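*Asks:* When you get a sec, could you give me coordinates for this:
(one chain, ligands or ions: 1)
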Amino acid sequence: MLVKTKESLEVVKKIEPKEQKVVYNVDQLNLWYGDVHALMNVTMPIYENEVTAIIGPSGCGKSTFIKTLNRMTELVPSVKTSGSIYYRDKDIFHRKYKVEELRTKVGMVFQKPNPFPKSIFENVVYGPKIHGIRDKKTLLEIAEKSLRRAALWDEVKDRLKENAYGLSGGQQQRLCIARCLAIEPDVILMDEPTSALDPISTLKIEELVQELKKDYSIVIVTHNMQQAARISDKTAFFLNGELIEYDDTSTIFSKPHDERTEDYISGRFG
Ligand SMILES: Nc1ncnc2c1ncn2[C@@H]1O[C@H](COP(=O)(O)OP(=O)(O)OP(=O)(O)O)[C@@H](O)[C@H]1O
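*Replies:* The predicted structure is shown next:
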């Protein structure tokens, strides 16, 4: 299933008549940083309650793509885009579309854990507080629920007032996931969330991602092909800003259609 044009997207829809809801529809997306054409005619859907992995060699546009999904790329002044991204049937590039609304629905977790220099509790309730929730009991409930969902509660429940910097790297990353969950997002974008972590912390995050996809739609950028194969349902392979192939992860890793995908997953380059 190669996805490159609007027409082929129609094919995707036809051959997948399952009751699978589309969260994002990316259509003919182009992005330039000044003269650098970083994304070229990218067309692909992102499905609800699935993990979509974005793979490809360094500099191929993975981070740019994921950051475009919550319009973070527009923070770079030289950025220009064309094409469209529909999130839940609304064009996120439309001049009347409210980017703040998008960011409350689409949370993001970065490569390096980035807790605030505050207590564990204050980190988790940061978003809800910004949204005006002040009641202590409600905030405590949100903190507990989010930390439980991020598989961190048992490790931190007796030290909620301690500074988040005292946690291990893996715990800090789960704290950042809890912080993201506290705003009750619909989609979670993860940009290489385990690349700074040890194998055991990585495994914990991978297990967590599997658990979270029951309630959220997840897009994950990863350098680690085994990780993509282990945890994702769909995989998109990017090369030099182009989406070369998008398909079920099992197909990408067992019988890819494009020779370049095969070369990449078999370690011939990248
Ligand atoms: N802020 C920026 N200003 C100018 N060019 C940029 C900027 N960010 C990225 N680029 C360029 O856009 C292209 C895609 O970069 P991007 O970071 O999206 O790739 P990537 O696949 O995520 O790479 P990596 O795996 O190394 O993180 C590269 O050529 C990069 O140099």
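*Asks:* Which stretches in the protein count as helices?
*Replies:* Counting by DSSP state H, the chain forms helices over residues 6-15, 62-68, 99-105, 120-124, 126-130, 136-149, 153-156, 169-181, 199-212, 225-231, 249-254, 259-265, given from the N-terminal end onward.
*Asks:* Can you tell me which residues in the stretch 51-200 of the chain are near the ligand?
*Replies:* When proximity is defined as Cβ under 6 Å from any ligand atom, the stretch 51-200 of the chain approaches the ligand at 56, 58-64, 76. C-beta here means a position set from N, CA and C on the backbone, and glycine is covered the same way.
*Asks:* Which residues are in contact with V51?
*Replies:* By Cβ atoms under 8 Å, 6 or more residues apart in numbering, the contact set of V51 is 209-210, 213, 218-220, 231-234.
*Asks:* try 7 Å this time
*Replies:* Contact criterion Cβ atoms under 7 Å, 6 or more residues apart in numbering gives 209, 213, 218, 220, 231-233 as the residues in contact with V51.
*Asks:* so where's the protein uncertain?
*Replies:* Segments of the chain classed as low confidence (criterion: pLDDT under 70) are 1-18.
*Asks:* Out of the contacts of V51, which sit inside strands?
*Replies:* When the contacts of V51 are checked against strands (DSSP state E), the matches are 218, 220.
*Asks:* Spatially central residue in this structure, please.
*Replies:* Within the chain, one residue has its C-alpha closest to the average C-alpha position: by Cα atoms, centre = their mean, that is L189, at 1.9 Å.
*Asks:* Give me the buried subset of the residues of the stretch 51-200 of the chain next to the ligand.
*Replies:* Buried subset of these (neighbour count, 16 or more other Cβ atoms under 10 Å): 56, 60-64.
*Asks:* Just put these in a markdown table and tack on distance to K98.
*Replies:* Written out in a markdown table, the entries for these read as follows (distance: Cβ to Cβ, whole Å):
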| residue | distance to K98 |
| --- | --- |
| G56 | 31 |
| C60 | 31 |
| G61 | 26 |
| K62 | 27 |
| S63 | 24 |
| T64 | 22 |
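*Asks:* Next, the contact list for the closest residue to V76 other than its chain neighbours, please.
*Replies:* Once flanking residues are discounted, V76 sits nearest to Y33: 6.3 Å by Cβ to Cβ, 6 or more residues apart in numbering. The contact partners of Y33, by Cβ under 7 Å, 6+ apart, come to 76, 78-79.
*Asks:* for Y47, same thing?
*Replies:* Counting by Cβ under 7 Å, 6+ apart, Y47 has contacts 20-23, 217, 234.
*Asks:* now swap in W32 and tell me
*Replies:* The neighbours of W32, taking Cβ under 7 Å, 6+ apart as the test, are 38, 80.
*Asks:* distance of it from V99?
*Replies:* Counting by Cβ to Cβ, to the nearest Å, the gap between W32 and V99 amounts to 20 Å.
*Asks:* What residues are bridge-paired with the residue nearest to V76?
*Replies:* Counting by DSSP bridges, Y33 forms beta bridges with V36, V79.
*Asks:* Using CSV, write down the CA coordinates of stretch 152-171.
*Replies:* Output of stretch 152-171 as CSV, limited to C-alpha atoms (Å, rounded to 0.1, in the frame of the first residue of the first chain):
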residue,chain,number,x,y,z
LEU,A,152,4.5,5.8,37.6
TRP,A,153,2.1,6.2,40.6
ASP,A,154,3.5,3.4,42.7
GLU,A,155,7.0,4.7,42.4
VAL,A,156,6.2,8.3,43.3
LYS,A,157,3.1,8.4,45.4
ASP,A,158,5.0,9.0,48.6
ARG,A,159,7.2,11.7,47.2
LEU,A,160,4.8,13.9,45.2
LYS,A,161,6.3,17.1,46.8
GLU,A,162,9.8,16.2,45.8
ASN,A,163,11.5,17.9,42.9
ALA,A,164,11.1,16.1,39.6
TYR,A,165,14.8,16.3,38.9
GLY,A,166,15.3,13.7,41.6
LEU,A,167,13.7,11.1,39.4
SER,A,168,15.6,8.8,37.0
GLY,A,169,15.6,9.5,33.3
GLY,A,170,13.0,6.8,32.6
GLN,A,171,10.8,8.0,35.5
